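1. predicted model and sequence below, questions to follow.
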Amino acid sequence: MKRDKSHYLGELLVWEIEDYLRARSAPPKRARVARLRVSSRSAAEAVAAELEAGGGVHAVARRALRLGVASPDDLFGVVTRDEHPEVFEAVPGATLPPKPEGEGFLVIRLVAFEP
């Protein structure tokens, strides 16, 4: 049976809204994120803009690695409220502004909250 694409996208939106509301009612302590470590502020801003424009995390990461502006770290991981409190103020699917970290910058996209 063929699914209507708009119906599927609507279901995804409902899941994101439910996840967001669940996080607001019982604050989560952990979140699944995609993160890219980038060498400069301008490169980090470009990566964040590409993600915000709808670029896929894997595609953006491959491009940044190919250009030599990103570190080959683990792309997906789990963060806690203590590590990155700003993540817990975002909506799943949001890309946070680049954050200075060590010698470079960290770009984080919130994937989902964990219960």
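-> Alright, I've got the coordinates. Keep in mind it's a predicted model, so treat the numbers as computed, not measured.
2. and for Val47, the neighbour number?
-> 25 (other CB atoms under 10 Å). All C-beta atoms are positioned from the backbone trio N, CA, C, and that covers glycine.
3. which SS class is it?
-> Assigned state for Val47: helix (three-state reduction, DSSP: H, G, I helix; E, B strand; the rest coil).
4. let me know the pLDDT of it.
-> With respect to pLDDT, Val47 has a value of 93.
5. ok, Asp4 next?
-> For Asp4, pLDDT reads 54.
6. where in this protein is pLDDT low?
-> For the chain, the stretches flagged by pLDDT under 70 are 1-13, 22-24.
7. switch to 80 and redo it
-> Counting by pLDDT under 80, the ranges of the chain that qualify are 1-27, 72-74, 115.
8. run through the helices of it in chain order.
-> Under the criterion DSSP state H, the chain carries helices at the ranges 5-25, 41-52, 57-67.
9. and the angle for the strand ranked longest in the chain with helix 57-67?
-> Longest strand in the chain by number of residues (criterion: DSSP state E): strand 104-114. Angle, strand 104-114 to helix 57-67, by axes from the mean of the first three to the mean of the last three CA atoms, to 10 degrees: 170 degrees.
10. alpha carbons only: can I get strand 104-114 in PDB?
-> What follows is strand 104-114, C-alpha atoms only, in PDB (Å, rounded to 0.1, in the frame of the first residue of the first chain):
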ATOM      1  CA  GLY A 104      37.000  25.200  17.500                       C
ATOM      2  CA  PHE A 105      33.300  25.400  17.600                       C
ATOM      3  CA  LEU A 106      30.500  22.800  18.100                       C
ATOM      4  CA  VAL A 107      27.300  22.700  16.000                       C
ATOM      5  CA  ILE A 108      24.500  20.700  17.500                       C
ATOM      6  CA  ARG A 109      21.200  19.500  16.100                       C
ATOM      7  CA  LEU A 110      18.700  18.200  18.500                       C
ATOM      8  CA  VAL A 111      17.400  14.800  17.300                       C
ATOM      9  CA  ALA A 112      15.100  13.800  20.200                       C
ATOM     10  CA  PHE A 113      14.700  13.800  24.000                       C
ATOM     11  CA  GLU A 114      15.100  10.600  25.900                       C
END
